[in-house]
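Novice: Predicted structure and sequence below. I'll ask about it afterward.
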Amino acid sequence: MKFIRGPFQKAGIQLLVFLLLAGPAGHIVLAEEAPKTISIASEEYPPYTSRKLKDHGIDAAIVSAAFRLVGIETRFDFFPGARSYIVARVGEMDATLPWARRKGREKDFYYSDPVIAVDMENFFFLKSAPIDWDPTSPDLTRLKGLTIAAITGHNYGEAFQNAEKSALFEVVRLSQLHQGFSMLLAGRVDAVISKKYVGASVLAERFTAEQHAKVISHPVSRSEVKYDYLLISKQGRHGNYYLKAFNRGLEALHESGAYQRLMDDFARGAYVK
């Protein structure tokens, strides 16, 4: 049987060509206006994100590769500390990376599918002045009266945040992690809290081998694996489009084996310096 394309069928085909994805608040993204670039705010958080590292770090490499598979290029801008979160929250940037899942963030952002499983938070301290800590039985009251260096705007979990508010111990919030390690080596704080790989990367880059050797660490806890996410701002008109496109690209990255190749490169140290 021969099918004849009538005017309604032709119009339907044209509609399918032009309609791509529904955006937030019912906005329809036409193929001709679909964004080809996404702006992503980040911070110096090696080896996960850094303007100095290959592909801007392993998290950025994964995000860029996933977006590239769906025809979207990434543009990373780097800001100090929590500023990267703020500029995305108000819509000055389309998204921000990397962030953990925390209560309340869904008000301003869409969470992507998990970008990467991250290492645990660690307490870094001097071998010559160890802190009394057992990660198998984490008890923050053991830190009573101590001074701990942390990064401005970072959320280290409900228990830590509540202990900070109640002044169980003093928390010195800093814009850069290396400032905390400088204070630790000078004896001005008792510990620094940081992801293990992040802290190790900063120590290797910023300090001498002799200084690095003075510092050891313990995991804060032996809790379940946690993840970094791309947070996509709800202020932009293309937020939902970016979310669906990224998740689609990330799935393809996993299925192709390219994701595992990036992780193998990471394990070999490709994103350390």
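Specialist: Happy to help now that I have it. Numbers count the residues shown, from 1 in each chain.
Novice: So which residues of the stretch 1-150 of the chain form helices?
Specialist: Assigned by DSSP state H, counting those that start in this stretch, the helices in the stretch 1-150 of the chain fall at 7-18, 58-69, 83-89.
Novice: By mean pLDDT, show me the worst of the ones you listed.
Specialist: Least confident of the helices of the stretch 1-150 of the chain, judged by mean pLDDT, is helix 7-18 with a mean of 42.
Novice: and the closest residue in space to Q179 that isn't next to it in sequence, what is it in contact with?
Specialist: Closest residue in space to Q179, ignoring its immediate chain neighbours: A149 at 7.4 Å, by Cβ to Cβ, 6 or more residues apart in numbering. Glycine gets a C-beta too; all of them are placed from N, C-alpha and C. With contact set as Cβ atoms under 8 Å, 6 or more residues apart in numbering, A149 has these partners: 171-172, 174, 179-181, 183-184, 189, 191-193.
Novice: helix, strand or coil for E224?
Specialist: coil (DSSP: H, G, I helix; E, B strand; the rest coil).
Novice: Enumerate every residue touching it.
Specialist: By Cβ under 8 Å, 6+ apart, the contact list for E224 is empty.
Novice: Quick check: phi and psi on it?
Specialist: With angles defined as degrees, to the nearest 10, E224 sits at phi -70, psi 160.
Novice: report the angle between the axes of the lengthiest helix in the chain and helix 58-69?
Specialist: The helix spanning the most residues in the chain, taking DSSP state H as the definition, is helix 239-256. Angle of helix 239-256 versus helix 58-69, following axes from the mean of the first three to the mean of the last three Cα atoms, to 10 degrees, is 100 degrees.
Novice: Check which helices and strands helix 239-256 sits against.
Specialist: On a contact count with 3 or more Cβ pairs under 8 Å, 6 or more residues apart in numbering; DSSP states H and E, helix 239-256 meets strand 19-22, helix 58-69, strand 109-111, strand 226-233, helix 258-267.
Novice: Chain neighbours aside, what residue packs nearest to M120?
Specialist: Nearest residue to M120, sequence neighbours excluded (Cβ to Cβ, 6+ apart): P219, at 4.6 Å.
Novice: Now do the SS call for the spatially closest residue to L203 that is not a sequence neighbour.
Specialist: In space, and not counting its chain neighbours, L203 is closest to H212: 4.7 Å by Cβ to Cβ, 6+ apart. Recorded secondary structure, H212: helix (three-state DSSP).
Novice: Tell me how many other residues surround H212.
Specialist: H212: 16 surrounding residues under other Cβ atoms under 10 Å.
Novice: What does the pLDDT read for it?
Specialist: 92.
Novice: what do you get for G239?
Specialist: On the pLDDT scale, G239 is placed at 95.
Novice: quick one: it from H218, how far?
Specialist: Per Cβ to Cβ, to the nearest Å, G239 is found 39 Å from H218.
Novice: And the two? Which one has more around it.
Specialist: G239 (21 against 18).
Novice: these two touch, right, the more buried one and Y110?
Specialist: Yes: using Cβ atoms under 8 Å, G239 is in contact with Y110, at 5.8 Å.
Novice: which neighbours do the two share?
Specialist: With Cβ under 8 Å, 6+ apart, G239 and Y110 have common neighbours I232.
Novice: who's in contact with stretch 259-273?
Specialist: 46-47, 53-55, 57-58, 61-62, 65, 116, 201, 204-205, 250, 253-254.
Novice: Out of those residues, which end up buried?
Specialist: When the contacts of stretch 259-273 are checked for burial by 16 or more other Cβ atoms under 10 Å, the buried set is 46-47, 53, 55, 57-58, 61-62, 65, 116, 201, 250, 253.
Novice: can you list the residues you listed in TSV and add distance to L140?
Specialist: Listed next are the buried ones among the contacts of stretch 259-273 as TSV, based on distance: Cβ to Cβ, whole Å:
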residue	distance to L140
P46	27
P47	28
L53	33
D55	37
G57	30
I58	30
A61	35
I62	33
A65	39
I116	27
S201	26
L250	35
L253	38
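Novice: now the strands: where do they sit in the stretch 51-200 of the chain?
Specialist: 73-78, 95-99, 109-111, 116-118, 121-126, 147-151, 170-174, 191-195 (DSSP state E, counting those that start in this stretch).
Novice: Which strand residues bridge the residue nearest to Q179?
Specialist: A149 forms beta bridges with V172, V192, as assigned by DSSP bridges.
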